[in-house]
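Asks: Have a look at this prediction, sequence included:
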Amino acid sequence: MAYYLAPISLGLGDLMVSLPALQALIATGQPTYLVSRSPMQEGLEERILGLAGMVREIDFDPAALGKDDVFYNLRNHPLQTDYVWGAGEFELRYPGYKITQVLMGICADFGINADYSSLLQLPFKRRREVENSVVFVPGSAGIVKCWPVFHWLELAERLKSRGITCLVVGEPDRSHIVEECLNNGLTHIETPSITDALDVLSSSRCVVAVDTGLMHVAVQQCVPTVSLFRYNVMFQREYAHVRSLSAPRCPRECTDIEYGGEPNKVVSYDSFEPNEKRLYWESWHCTKEDWSQRCMASILPSQVQAAIEDVAALAQMYG
C-alpha cells in the first residue's frame with residue numbers, strides 16, 4: 001500500500017500550502033510519494049522528512065497503481081472545480097474562505113488528517129550571514145502581484161535608518177522587479193537552488209514578500225512574514241507569525257481578465273514546461289501603465305514597516 005499526492009496546483013506556493021496534507025500521509029507510516037506538477041515543485045524532496053519519493057505527473061498513471069494504493073489529487077474536488085476562487089459566486093457560497101479553509105475541506109472529504117493549525121517546518125541549514133536581516137522577496141511570475149520598486153527602496157531606507165540590513169532574494173534574469181531593485185542599490189543574496197532559498201529564508205529575522213511561492217516557504221518555516229497581496233486574498237494564511245496587507249479591489253477592466261477563463265476546471269496537467277504558469281498569471285497585465293496608479297501601490301512602506309515591527313517583535317533589532 002502506498003499513497004500518492006498531487007498538490008492543489010502547479011506552483012511552489014501550491015506545494016507549500018499542500019504540504020500539511022502530504023506530511024499527514026507520511027505520518028501514517030505508509031510509503032508516500034509526491035506527484036510533482038511542474039519543475040517549480042521539485043528540489044525539496046530531501047527536506048520533506050519521510051517522503052518515499054517523487055514522480056512527475058506527466059509520468060504518473062493512476063490506473064497502474066496497485067489495488068491498495070491511493071492517489072489523492074487535491075484539484076479533483078468540487079471546492080476546486082466548481083468555482084474560480086475569489087470570484088463573486090465563490091465568496092457568496094463560502095464567505096471568508098481562504099486557501100487554508102479550502103484545503104481543510106478537501107482533506108476532510110478525502111480522509112486526510114492534515115493539521116493546518118500548526119505548521120511542521122522543513123529542516124534547513126542555518127545561514128549565519130542573514131540571521132539579523134530582513135529579506136525581501138519582490139519577484140513573482142505574475143507582474144500584477146508585484147509591489148512597485150520605489151516602495152521597496154523606501155522600505156529599505158526606513159529599515160536602514162534603524163540599523164537593519166535588507167537583502168533581496170530572487171532571480172534578476174527572470175524578474176524585472178528584482179533586477180530594478182538591485183540596479184537601485186539593494187543587496188542581492190544569491191540562492192541558486194530552492195534549498196538555498198529555503199535556508200536563507202528560514203535563517204532570516206523577517207521576510208517581506210509578495211504573493212509568491214517563496215512567501216509560502218517563509219510561512220511554512222514559521223519565519224515572521226509580512227505578505228503583500230492584491231485585493232484577492234485567497235492565499236492569505238492566518239498564523240501568529242504572519243501579517244498580511246492587501247490592496248484595494250482592482251478596476252473592472254482588470255477583474256474581467258482575471259475571471260475571464262476557467263482555470264479551476266483543470267484537474268491535471270499534461271505537460272511539464274517551466275513556463276506553464278503563464279497559462280494564468282503570465283497571461284495578463286495590469287491595465288495601468290503608471291506604477292504609482294496600480295492597486296499594489298496603495299500599500300505604503302510605512303504600513304509594511306509597522307507590520308514588520310509588529311510581527312517580528314523586533315525589540316532587539318530596534319534596540
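Replies: Nice, I can see it.
Asks: got the contact list for whichever helix or strand residue 91 is part of?
Replies: Counting by DSSP states H and E, the element that carries residue 91 is helix 88-93. By Cβ atoms under 8 Å, 6 or more residues apart in numbering, the residues outside helix 88-93 that reach it are 83, 84, 97. C-betas here are computed from N, CA, C, even on glycine.
Asks: Just the buried subset of the residues you listed, please.
Replies: 83, 84, 97 (16 or more other Cβ atoms under 10 Å).
Asks: between these, which is nearest residue 206?
Replies: residue 97 (27.8 Å; Cβ to Cβ).
Asks: Can you pull the domain assignment for this protein?
Replies: Listed by automatic domain parsing, the domain ranges of the chain are 3-110, 128-250+286-312.
Asks: Those domains into CSV, with extra columns for mean pLDDT and distance to residue 117?
Replies: Below are the domains of the chain laid out as CSV (pLDDT from 0 to 100; distance: least, Cβ to Cβ, whole Å):
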stretch, mean pLDDT, distance to residue 117
domain 3-110, 95, 9
domain 128-250+286-312, 92, 9
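Asks: Kindly list the longest helix within the protein.
Replies: helix 12-27 (DSSP state H).
Asks: which helices and strands does that one pack with?
Replies: strand 3-6, strand 32-36, helix 99-110, helix 213-220 (3 or more Cβ pairs under 8 Å, 6 or more residues apart in numbering; DSSP states H and E).
Asks: same thing but 6 Å
Replies: Where contact means 3 or more Cβ pairs under 6 Å, 6 or more residues apart in numbering; DSSP states H and E, helix 12-27 is packed against helix 213-220.
Asks: All the helices of this protein, in order from the start?
Replies: Using DSSP H, helices in the chain cover 12-27, 78-81, 88-93, 99-110, 149-160, 176-183, 194-203, 213-220, 252-258, 301-312.
Asks: Tell me the buried residues in the longest helix of the chain?
Replies: 12-26.
Asks: what does it contact?
Replies: Applying Cβ atoms under 6 Å, 6 or more residues apart in numbering, the contact partners of helix 12-27 are 3, 5, 7-8, 32, 40-41, 50, 74, 99, 107, 112-114, 116, 120, 213, 216-217, 220.
Asks: Which among those count as buried?
Replies: Using 16+ other Cβ under 10 Å, the buried ones in the contacts of helix 12-27 are 3, 5, 7-8, 32, 40-41, 74, 99, 107, 112, 114, 116, 213, 216-217, 220.
Asks: didn't residue 202 look like it was pressed against residue 220?
Replies: No. Contact between residue 202 and residue 220 fails when scored by Cβ atoms under 6 Å: they sit 9.2 Å apart.
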